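Q: Here is the input, now give the coordinates:
(one chain, ligands or ions: 1)
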Amino acid sequence: MFKVEHFVKNLEQNAVRYARDFCLKDKNTYQTGGRAKLAVFPNSIQKARFVFDEIKNANLPYSVLGGGSNLLVSDDGYDGVLVCSHDLKGLSVSGNLVTCMAGERVSDFLKFTLLSSLGGVEFLSGIPATVGGVVAMNAGCFGKNAGDYVSYVTSTSGIYSFADCGFDYRTSRFKEQKDMILSVCFNLENVEYEQSESKSEYFLKLRKGKQPKGRSCGSVFKNDGYVAGKVIESCALKGYQIGGAKVSERHANFIIADKTAKSQDVKKLIEFIKRTVKEKKGISLQEEIEYLGNFEDENQS
Ligand SMILES: Cc1cc2nc3c(=O)[nH]c(=O)nc-3n(C[C@H](O)[C@H](O)[C@H](O)COP(=O)(O)OP(=O)(O)OC[C@H]3O[C@@H](n4cnc5c(N)ncnc54)[C@H](O)[C@@H]3O)c2cc1C
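A: All right, here's what the predicted structure looks like:
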């Protein structure tokens, strides 16, 4: 308790915005979950590094939050320090290099690149995430990944060139080591405005054709030598529902939460899918989505 109060005092002295008992329901795309004990919003690289130094010195439990579009937040909330990228804003361009602060929305980043006649990253259109989040996750679709366009990343621990970012399927060194991305420098291609705009529209159309509507975190499970959606569909789980969480009728790798859903419903449905697929197909599905907070009592359906 003393450690947290000392930490908060230091935040105040260094003009870092924070909030206690911070509601997380409207900060994730399932729109479920409880509250964070303490949320911190650094608005510069310097302040973010200060926050991390303080967290590490005091040995406080922490996690990083971007757009919350890949997170299932416990109904009991998060009992630690949640460092949020929301206030890390700013975009600049120099030649083919676009530098983007981690808290910028992907949609705003794409608008900026379009106006700068730079492209290559249009495939990210429609992902409701932050730039820090898509790079930490190495998010991808249509055969391309966000990391492919990274020149270097500035994080709380240093500056990492592409080769040192450890990009792999839906992961990077930043995610693995809970090292917060603060800004990303992308190396983009010269494109004509119209060409890039129509590419974005094309990818958005493709996405709309495949992706179910409603509250979700995108794909729940990784494709790991198999297409998770097809495997789940082949177990006749489309439309299966627990509480307010349902396997999408349109795409079996999506779980859609209705307005009554609790995170517990989503978690129970995930466990049910994993058990069923293991029994029927012998495949151990691995989550692409991540958990924030405690789910220990929610493993049984
Ligand atoms: C409708 C929909 C469509 C989607 N489509 C796709 C898709 O096509 N391809 C795909 O790969 N994913 C997709 N997703 C999933 C999700 O958008 C991605 O995983 C995205 O990368 C998450 O970014 P975020 O900012 O929301 O991160 P969050 O959900 O907040 O966090 C996800 C992880 O990244 C970490 N993180 C976030 N920000 C930072 C940071 N600044 N520094 C270090 N770590 C950080 C978090 O700690 C956590 O581990 C989709 C989700 C939805 C809801």
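
Q: and the stretch 101-250 of the chain, which residues reach the ligand?
A: Residues of the stretch 101-250 of the chain lying close to the ligand by C-beta under 6 Å from any ligand atom are 102, 127-130, 132-134, 136-137, 139-141, 174-175, 180-181, 216-218. (Glycine included, C-beta is placed from N, CA and C.)

Q: Now restrict those to buried residues only.
A: Using 16 or more other C-beta atoms under 10 Å as the burial test, those include 102, 127, 129-130, 132-134, 136-137, 139-141, 174-175, 180-181, 216-218 as buried.

Q: Buried ones in stretch 45-65, by neighbour count?
A: For stretch 45-65, by 16+ other C-beta under 10 Å, it's 45, 47-52, 54-55, 62-65.

Q: Contacts only, for R173.
A: Under the criterion of C-beta atoms under 8 Å, 6 or more residues apart in numbering, the neighbours of R173 are 160, 164-166, 179.

Q: just the residues you listed now: which is nearest the ligand?
A: Of all these, D179 has the smallest distance to the ligand: 6.5 Å, by C-beta to the nearest ligand atom.

Q: for the residue in the stretch 201-301 of the chain positioned nearest to the ligand, what are its contacts?
A: As assessed by C-beta to the nearest ligand atom, the ligand sits closest to G218 within the stretch 201-301 of the chain, at 2.5 Å. Residues near G218 by C-beta under 8 Å, 6+ apart: 69-70, 127, 211, 254, 288-289.

Q: Report pLDDT for the residue nearest to A139 when sequence neighbours are not counted.
A: Leaving aside its chain neighbours, A139 sits nearest to A146 (5.1 Å; criterion: C-beta to C-beta, 6 or more residues apart in numbering). On pLDDT, A146 comes in at 98.

Q: S183 too?
A: For S183, pLDDT reads 98.

Q: so who does the closest residue to the ligand within the stretch 1-150 of the chain touch?
A: In the stretch 1-150 of the chain, the residue that lies nearest the ligand is G133 (1.9 Å; C-beta to the nearest ligand atom). If you count contacts by C-beta under 8 Å, 6+ apart, G133 has them with 66-67, 69-70, 85, 102, 139.

Q: can I get the residues you listed in JSON lines with secondary structure and pLDDT?
A: Below are the contacts of G133 laid out as JSON lines (DSSP: H, G, I helix; E, B strand; the rest coil; pLDDT from 0 to 100):
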{"residue": "G66", "secondary structure": "coil", "pLDDT": "98"}
{"residue": "G67", "secondary structure": "coil", "pLDDT": "98"}
{"residue": "S69", "secondary structure": "coil", "pLDDT": "98"}
{"residue": "N70", "secondary structure": "coil", "pLDDT": "98"}
{"residue": "S85", "secondary structure": "coil", "pLDDT": "98"}
{"residue": "A102", "secondary structure": "coil", "pLDDT": "98"}
{"residue": "A139", "secondary structure": "coil", "pLDDT": "97"}
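
Q: Buried among those residues? Make that a PyMOL selection.
A: To isolate the buried members of those in PyMOL, using 16+ other C-beta under 10 Å:
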select buried, resi 66+67+69+70+85+102+139
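
Q: what ranges of the protein fall below the confidence cut-off?
A: Residue ranges of the chain with pLDDT under 70: 1-2, 297-301.

Q: Sketch out the helices for it, chain order is fine.
A: Remark: helices assigned in the chain by DSSP state H are 2-13, 45-58, 106-115, 131-137, 173-176, 193-210, 228-234, 263-281.
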